[in-house]
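Colleague: When you get a sec, could you give me coordinates for this:
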Amino acid sequence: GTAGNGAGGSVVVQPGAKHGSGLDGGVFLRGTTRFEKQAAPGAGTDQAEVLTAAMMINGIFVHTIAQARTLTTPTGAAISAACPASVATGDSFNFNIITIGAGADDICTLTAGDGNVTFVGDVTCGPQLAGTHTGSAAWRFRKTGASTWIGYRLA
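Modeller: Purely as a prediction, here's the structure:
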């Protein structure tokens, strides 16, 4: 946006469509180094947190806790509304949770803001302690409809 409080424009690069039973074309980034702008991570204190869509789309959320806590996503409609208009069904964004805590029970659990957000994989993320949960969780949230999203646990 050039004036007011509008959103910036998006750049959409779309490869060629497949022919017959072939594969869609790809987008290749050639080079040895890739840089991306990263806003400061969202942060939560020792309480249950309700995430905003902006916190999720930002990509990183650090949750410092001293006991088990929950992180609740926004509704599917709220996530869709926060995305650029060019985001289509099948598009996705990455979201990472880092849990900081000292005890084995300092685990955060990701929960859905409504029935339009679902998960595939373990929704818990605990501190890095020997023999327990890892201290971070990597997710890819994929748009599956106008207001529906599936979060896939990647790591």
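
Colleague: For the residue located most distally from the centre of the chain, give its distance to Val27.
Modeller: Within the chain, the residue lying farthest from the chain centre (Cα atoms, centre = their mean) is Gly20, at 33.5 Å. Between Gly20 and Val27 the computed distance is 21 Å (Cβ to Cβ, to the nearest Å). (Glycine included, C-beta is placed from N, CA and C.)

Colleague: Show the pLDDT at Ser111.
Modeller: One correction, residue 111 is Thr, not Ser. As predicted, Thr111 sits at a pLDDT of 98.

Colleague: okay, which residue is most central for the chain?
Modeller: Nearest to the geometric centre of the chain sits Phe95, at 2.4 Å (Cα atoms, centre = their mean).

Colleague: so what's it up against?
Modeller: Contact analysis of Phe95 by Cβ atoms under 8 Å, 6 or more residues apart in numbering lists 56-57, 59-61, 138-141, 151.

Colleague: Tell me the buried residues in whatever helix or strand it lives in?
Modeller: In the assignment (DSSP states H and E), Phe95 maps to strand 92-100. Of the residues in strand 92-100, those buried by neighbour count under the rule 16 or more other Cβ atoms under 10 Å are 92-93, 95-100.

Colleague: Just checking the distance from that strand to the centre of its chain.
Modeller: Distance of strand 92-100 from the chain centroid (Cα atoms, centre = their mean, to the nearest Å) equals 6 Å.

Colleague: All set now, cheers.
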